[in-house]
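In: Sharing a sequence plus its predicted fold:
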Amino acid sequence: MVFWEGYASDETMGTFAPLVVYWLYAGFYQLLPPLDRYRLHTRREEDEKNLVALGSVVKGVLLQQFVQAVVAELLFLITSNASSSGDVVQPSLPVQAVQFLIAMLVMDTWQYFVHRYMHLNKFLYRHVHSQHHKLVVPYAIGALYNHPLEGLLLDTFGGAISFLVSGMTARTAVFFFCFAVIKTVDDHCGLRLPGNIFHLLFQNNTAYHDIHHQLQGTKFNYSQPFFPLWDKLLGTYAAYTLVKRPEGGYEARLKKD
């Protein structure tokens with residue numbers, strides 16, 4: 001039993017819970033004090049290097065989430081109609097854990113190759129993916145700031161394929177999509193906070209993705225949002241080191257050979 005049972009369907013929660021979680025988690029980071037001693041970039045760098053205003057970022061994210069909600073509703077409608085009549089039996093926790101892992105690997109695979117192609121194809125980079133890289137200094141609310149086409153291909157389709165391939169139920173999908181959203185927001189938060197579980201458990205984390213947003217790192221660290229598997233297998237992994245800045249905070253630097 002889950003807390004929304006009797007109030008909303010699993011399908012409705014699967015559509016809207018990730019959207020709410022995005023703004024709650026990104027808003028949490030936005031409301032934190034400056035925390036200069038944990039920042040990967042100074043506040044001055046964020047103001048000077050980023051090429052898009054916060055208002056435009058918010059509008060872009062809301063547009064992507066609208067498209068995401070429409071696709072999610074269609075996906076759940078189709079899969080629920082295709083399933084047998086009666087209540088869906090929720091798998092055991094071990095089965096759900098396996099489905100979670102499969103979905104993570106599928107999402108990583110899809111996003112790596114689509115993301116990498118958007119860098120290699122000059123037309124797609126110039127007219128589509130470069131919008132995300134206007135945030136040279138990433139921050140939490142901008143995690144899903146993308147061109148609408150990229151949002152559809154990379155994130156929305158990636159989520160749908162992960163759901164279908166893993167075979168998870170709509171109820172399991174609520175937790176998976178919310179987890180994926182939290183991880184994506186955290187990867188763009190720009191902070192190296194002590195005790196952050198994502199930094200402890202995932203090599204693909206805030207600093208890892210920050211390297212990709214730097215000019216010298218745009219051809220590396222395409223993997224997102226979970227594991228650096230494909231970067232390591234296909235030679236696009238860039239090792240980095242965290243250096244403390246004299247004025248406070250850290251800087252993620254590419255390791256020299």
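Out: Great, that's in hand. Numbers count the residues shown, from 1 in each chain.

In: tell me which element the spatially most central residue of the chain is part of?
Out: Central residue of the chain (Cα atoms, centre = their mean): residue 184, 2.5 Å from the mean position. According to DSSP states H and E, residue 184 maps onto helix 170-187.

In: Just the CA trace of that helix, in CSV.
Out: Below are the C-alpha coordinates for helix 170-187, written out as CSV (Å, rounded to 0.1, in the frame of the first residue of the first chain):
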residue,chain,number,x,y,z
ALA,A,170,3.1,2.1,-13.1
ARG,A,171,3.5,2.0,-9.3
THR,A,172,7.2,1.1,-9.5
ALA,A,173,7.6,3.7,-12.2
VAL,A,174,6.5,6.4,-9.8
PHE,A,175,9.5,5.7,-7.6
PHE,A,176,11.9,5.2,-10.6
PHE,A,177,11.0,8.4,-12.4
CYS,A,178,11.1,10.4,-9.1
PHE,A,179,14.5,9.0,-8.4
ALA,A,180,15.8,9.7,-11.9
VAL,A,181,14.6,13.3,-11.6
ILE,A,182,16.3,13.8,-8.2
LYS,A,183,19.5,12.4,-9.6
THR,A,184,19.4,14.6,-12.6
VAL,A,185,18.7,17.7,-10.6
ASP,A,186,21.5,16.8,-8.2
ASP,A,187,24.0,16.4,-11.1
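
In: following it, which helix or strand comes up?
Out: Assigned by DSSP H and E, the successor of helix 170-187 is helix 197-201.

In: could you give the mean pLDDT of that following helix?
Out: Across helix 197-201, the average pLDDT comes to 93.

In: Against which helices or strands is that helix packed?
Out: helix 170-187, helix 206-213 (3 or more Cβ pairs under 8 Å, 6 or more residues apart in numbering; DSSP states H and E). In short, each C-beta sits where N, CA and C put it, glycine included.

In: residue boundaries of the strands in this protein?
Out: 240-244, 250-254 (DSSP state E).

In: Output the ones you listed in a markdown table; the columns should cover mean pLDDT, distance to residue 176 and mean neighbour count.
Out: Below are the strands of the chain laid out as a markdown table (pLDDT from 0 to 100; distance: least, Cβ to Cβ, whole Å; neighbours: other Cβ atoms under 10 Å):
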| stretch | mean pLDDT | distance to residue 176 | mean neighbour count |
| --- | --- | --- | --- |
| strand 240-244 | 93 | 28 | 13 |
| strand 250-254 | 93 | 28 | 18 |
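
In: can I get these in a markdown table with distance to residue 120?
Out: Shown next, in a markdown table, are the strands of the chain (distance: least, Cβ to Cβ, whole Å):
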| stretch | distance to residue 120 |
| --- | --- |
| strand 240-244 | 22 |
| strand 250-254 | 20 |
